[in-house]
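[1] Predicted structure and sequence below. I'll ask about it afterward.
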Amino acid sequence: MTPILTTRFAARAALVAAALSLAACSQGGFGGDDAIELRGGGAGSGAASDPSSPAYFNSVVGDRVLFEVDQSTLTAAARATLDAQARWLLDNPEYSALIEGHADEQGTREYNLALGARRASAVRDYLVTQGVPDSRLRTISYGKERPLEICSEEACYRQNRRAVTVISAGPGV
Amino acid sequence: MLKSLKLLAIAAVAALVPLTASAQNGPLRLEITEGVIEPLPFALPQFIAENGAATDVAADITRVIAADLRGTGLFRQIPQDAYISSVTNFSSPVQYADWQAINAQALITGSVESRGDGTIVVRFRLFDVFSEAPLGEGLQFSGSADSWRRMAHTVADQVYERITGETGYFDTRVVFIHEEGPKNARLKRLAVMDYDGANVQFLTDSRSLVLAPRFSPQGDRIIYTSYESGTPRVYLMDVATVTSRPLEAIPAGNMTFSPRFSPDGTQVVFSLEDGGNTDIYLLDLATGTRTRLTSAPSIETAPSFSPDGSRIVFESDRSGTQQIYVMNASGGEATRISQGSGRYGTPVWSPRGDYIAFTKQEGGRFHIGVMRTNGSEERLLTSSFLDEGPTWAPNGRVIMFTRETAGANGAPAVYSVDISGRNLQRVATPGMASDPAWSPLLR
């Protein structure tokens, strides 16, 4: 067993717990149809136990990072998640990723579209600095059009200010 | 894509024929610059049906004229049961004393005749009751019976114009986004309606998210943003045929959005995102030539031309927060005009050229406001959990916008308010609605 794998599995129990609690309140998750199906498999499914599966990526590696209000700067927690995403993408070159940028509802529609694009690009740029080929990464912004949480309070807004890395089969463009 | 629309192929209101030559203006005049606190009382007896076939449409037309005038907040309708005179013949002399007695300042009379060929003829007169004189000429319209609402709006526009001296705005349409479904999985469709919410027609199905449409200055095209290709990009729709095409070939991965027409309709200004950075570009529709107008690492979006086409107002967060700037239509240096506290976005230049409407966000509240084009005389017209996206009536006196309520069941609706901040009203749409954009006057 390589040291990298050891690290992953050591971290896994806590991450699974976190992913399960997140999944409980995030049924409205918005990715491609593929992504919803994969998430539907659940963190405890056989697929998620396979470290090379997108289900593992979504639930164990962590498919999303969160942002501060009106910001696209990556927090330390976000960078840690993206480091793990980059390692997974490098380990699994048969997959590519679409990075969805989102904003909370506290902003005007078109500005939030631009803000979502900025967030998605911040994630893409970081993954590229970690060695993931640009050709395997695409971005899209949903602005405030696809909230994950629907209350009008900060508890929801902080989950909506996100960039979600949606894995799909294929080596990219 | 939906087909078949008589939409703006609404049989044009054919002929406006003066009935008399006595074009005199009486002293009846409503000055609306500062808003009207005491609405002007008017009498509107039911339009006379010249034949049995016209009975229903005469009643309908009368009802819509009354609703148009009342809806401005500038006029008050005196109930028909208070009338002393009854008007049974369009040509009979007006009994001014009977209308003075109930304090009607304006009297509107009319008739409707149904012809066998599916057309109707509408005649109307407007009287200044206390001057005991007609206010302007009587007019006669003829058109398809299907277009009776437009004929009613045209009568109301005439009344509004003669009394206020301002151009009317009732014979107009509004393009907007119809919304369905839960907050985290909204379906959105491009739709148009009359300014008063009637005659809703859908222009797209709900397969792709669509956002922020705008009418061309001629009302014959609509420009909007759609996720149809997977990436948000700008589409141009021909209204008569309800066919649309992407505005131009954009490299994959680049998003285009926030499109608006130039005042002459030959150019489109819009935002293009590249590598996370959004700037404003201009596209000449005839030549396909694209010109970059801003080059900054910040977000530049929501552009809007001045009515003379010489300048563009837009929003940018180059200062750290969303603020409003003005630049020449050719690009170059921009001047910040928003000066208050909070964030300012979605600027829209008034068709009169005198004001810029905007969305302001401060302290967790959203406001629709107006300011002079140099940023002075800022005035907030509304306040709510989420108001955004103003659009001007073609006469620059009324603004429509989106108001969204808070919470898990929060829903958007279209509201209107006049630029004095009075007469806030919800526009009656068949469901949730957002992103209204007003057409020009259709006449």
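    Right, received. Where do you want to start?
[2] correct me, but B:His178 touches B:Pro436?
    No. Counting by CB atoms under 8 Å, B:His178 stays clear of B:Pro436, with 11.0 Å between them. Where C-beta positions appear, they are placed from N, C-alpha and C, glycine not excepted.
[3] Would you mind giving the secondary structure of the residue in chain B sticking out farthest from the centre?
    Distance from the C-alpha centroid of chain B peaks at B:Ala97, with 38.0 Å (CA atoms, centre = their mean). With DSSP: H, G, I helix; E, B strand; the rest coil as the basis, B:Ala97 sits in helix.
[4] B:Gly407 - how many residues pack around it?
    The tally of other residues near B:Gly407 (other CB atoms under 10 Å in any protein chain shown) stands at 13.
[5] B:Tyr355 now?
    Neighbourhood size, B:Tyr355 [other CB under 10 Å]: 21.
[6] So out of everything in chain A, what residue is nearest chain B?
    A:Ser121 (2.6 Å; CB to the nearest CB).
[7] For the closest residue to that residue other than its chain neighbours, give me its contacts.
    Excluding its sequence neighbours, the residue lying closest to A:Ser121 (CB to CB, 6 or more residues apart in numbering or on different chains) is B:Gly276, at 2.6 Å. B:Gly276 makes contacts with A:Ser72, A:Ala117, A:Arg118, A:Arg119, A:Ala120, A:Ser121, A:Ala122, A:Arg124, A:Asp125, A:Thr139, as judged by CB atoms under 8 Å, 6 or more residues apart in numbering or on different chains.
[8] Now the buried members of those residues.
    Those of the contacts of B:Gly276 that meet the buried threshold are A:Ser72, A:Ala117, A:Arg118, A:Arg119, A:Ala120, A:Ser121, A:Ala122, A:Arg124, A:Asp125, A:Thr139, by 16 or more other CB atoms under 10 Å in any protein chain shown.
[9] need the residues of the stretch 251-400 of chain B near chain A, please.
    Selection of the stretch 251-400 of chain B residues close to chain A by CB under 8 Å from any CB of the partner chain yields B:252-253, B:255, B:257-258, B:271, B:273, B:275-278, B:299, B:301-302, B:315, B:317, B:321-322, B:345-346, B:359, B:361, B:364, B:385-386, B:388-389.
[10] nope, the stretch 101-250 of chain B is what I was after
    Taking CB under 8 Å from any CB as the measure of proximity, the stretch 101-250 of chain B contacts chain A at B:Pro182, B:Lys183, B:Asn184, B:Ala185, B:Arg186, B:Leu209, B:Leu211, B:Ala212, B:Thr225, B:Gly230, B:Thr231, B:Pro232.
[11] Quickly check those for the two that are furthest apart.
    B:Pro182 and B:Thr231 (24.2 Å; CB to CB).
[12] Between these two, which is the more surrounded one?
    Using other CB under 10 Å, the more surrounded residue of B:Pro182 and B:Thr231 is B:Thr231, with 20 against 11.
[13] Which residue ranges of chain A form helices?
    Ranges of helices in chain A, per DSSP state H, are A:3-24, A:33-40, A:54-56, A:76-91, A:109-129, A:154-160.
[14] Am I right that B:Val57 is in a helix?
    Yes. B:Val57: assigned to a helix according to three-state DSSP.
[15] If I look at it, what pLDDT would I see?
    For B:Val57, the pLDDT comes out at 97.
[16] That one reaches B:Ile120, doesn't it?
    Yes. Judged on CB under 8 Å, B:Val57 makes contact with B:Ile120 at a distance of 6.1 Å.
[17] The nearest residue to B:Ala54 once chain neighbours are set aside: how many residues sit nearby?
    For B:Ala54, ignoring the flanking residues on the chain, the nearest one in space by CB to CB, 6+ apart is B:Ser114 at 4.0 Å. Using other CB under 10 Å, B:Ser114 is surrounded by 20 other residues.
[18] wait, what's in contact with B:Ser114?
    B:Ala49, B:Glu50, B:Asn51, B:Ala53, B:Ala54, B:Val57, B:Ile120, B:Ala145.
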